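# no sequence for this one, just the structure:
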Ligand SMILES: [Ca+2]
Ligand SMILES: [Ca+2]
Ligand SMILES: [Ca+2]
Ligand SMILES: [Ca+2]
């Protein structure tokens, strides 16, 4: 047996092939936009025609919904300042049971955008190593910040990071067309201080984006049609369960996809 054959044993070949397939499944590319994107819930831009639809169909919690209960797909693009998302959603009932945008927001219908600016992976539950923006039906964005001084959870509105507009398509079956732009912040982000607080603290600025940049990314939708708790939670990637649990994205960025920014072809 020559060196080549001894290295590529059938088992190694199969495991290498599986690793390549796994990488492809969890890797996404975003094309640079070619015209200005107006975030208005109308997918009229030429850029959106150039991007490919990506599935939003991996069950994280609950039972797999039928196509009229929930169906979603999305496109992702970028320019130097922003990431852009176009999400097309079928949801039979739009439901916002909690008026307070920071209270049990995951049990209302919401779009969830996960961003890990440097694709570092790792825990982000109570820090800004990565973000899990829950964009509600009122277009406000909420995530978990650093814990309060008394140890309680601190749900924070990060509306400066997200511009979100959705509207029904005028064409039957009148899907929800959700258009979003995201300012990308790195792990140095800290919450703005209250006005009048004397401090050297500088307000955090979003990073610039460029071709070749890699980010951790995942998209999900919390679907509730009238229950106390969300009925389905569906994401853009099939998360490997740990102890039977796939709902790991709000805790660790390890489960996100790798999103590479590329120039238009
Ligand atoms: Ca638009
Ligand atoms: Ca539904
Ligand atoms: Ca990070
Ligand atoms: Ca719903």
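Nice, I can see it. Model, not experiment: these values are computed from the prediction. Ligands and ions are numbered 1, 2, ... in the order given.
# which element is residue 49 on?
Here residue 49 sits within helix 46-50, counting by DSSP states H and E.
# and that helix, which residues are buried?
By neighbour count on 16 or more other C-beta atoms under 10 Å, the buried set for helix 46-50 is 47, 48, 50. Placement of C-beta: from N, CA and C, glycine included.
# How about residue 55: what's its closest non-neighbour residue?
Leaving aside its sequence neighbours, residue 55 sits nearest to residue 73 (C-beta to C-beta, 6 or more residues apart in numbering; 5.9 Å).
# just residue 251 next, same as before
residue 125 (4.7 Å).
# for residue 93, same thing?
Closest residue to residue 93 apart from its sequence neighbours, by C-beta to C-beta, 6+ apart: residue 225 at 3.7 Å.
# Show me which of the buried residues of helix 46-50 is closest to ligand 1.
Nearest to ligand 1 among the buried residues of helix 46-50 is residue 48, at 7.4 Å by C-beta to the ion.
# Apart from its chain neighbours, what residue comes closest to residue 47?
residue 33 (4.1 Å).
# before we move on, what about residue 103?
What sits nearest to residue 103 in space, not counting adjacent residues and going by C-beta to C-beta, 6+ apart, is residue 155, at 7.7 Å.
# Return the set of residues that bridge with the one you found.
The partner list for residue 155 in beta bridges (DSSP bridges) reads residue 144.
# My guess is the residue nearest to residue 251 contacts residue 145. True?
No. Residue 125 is beyond contact range of residue 145, at 10.3 Å (criterion: C-beta atoms under 8 Å).
# Have a look at these two and say which one is more surrounded.
residue 145 (18 against 14; other C-beta atoms under 10 Å).
# Mind checking what secondary structure residue 73 has?
In three-state terms, and counting by DSSP: H, G, I helix; E, B strand; the rest coil, residue 73 is strand.
# next one: residue 115
Using three-state DSSP, the structure places residue 115 in strand.
# could you pull out the helices for the stretch 1-150 of the chain?
Along the stretch 1-150 of the chain, counting by DSSP state H, counting those that start in this stretch, helices occupy 3-7, 10-25, 46-50.
# what mean pLDDT would you report for the longest one?
To tie it back to what came earlier, the one meant is helix 10-25. Mean pLDDT, helix 10-25: 50.
# And residue 216, which helix or strand is it part of?
For residue 216, the element it lies in under DSSP H and E is strand 214-223.
# For that strand, buried residues please.
In strand 214-223, counting by 16+ other C-beta under 10 Å, buried: 215, 216, 217, 218, 219, 220, 221, 222, 223.
# Stretch 35-44 now?
Judged by neighbour count (16+ other C-beta under 10 Å), stretch 35-44 contains these buried residues: 37, 39, 41, 43.
# Also stretch 59-72?
Buried-residue list, stretch 59-72, by 16+ other C-beta under 10 Å: 60, 61, 62, 65, 69, 70, 71, 72.
# likewise stretch 183-196?
Neighbour counts using 16+ other C-beta under 10 Å place 183, 184, 185, 186, 189 of stretch 183-196 among the buried residues.
# out of those, what pair is the most spread apart?
Using C-beta to C-beta, the buried residues of stretch 183-196 span at most 11.1 Å, a distance reached by 183 and 186.
# Please list the residues of the stretch 1-150 of the chain that sit near ligand 4.
With C-beta under 5 Å from the ion as the criterion, the stretch 1-150 of the chain meets ligand 4 at residues 91, 93, 95, 109.
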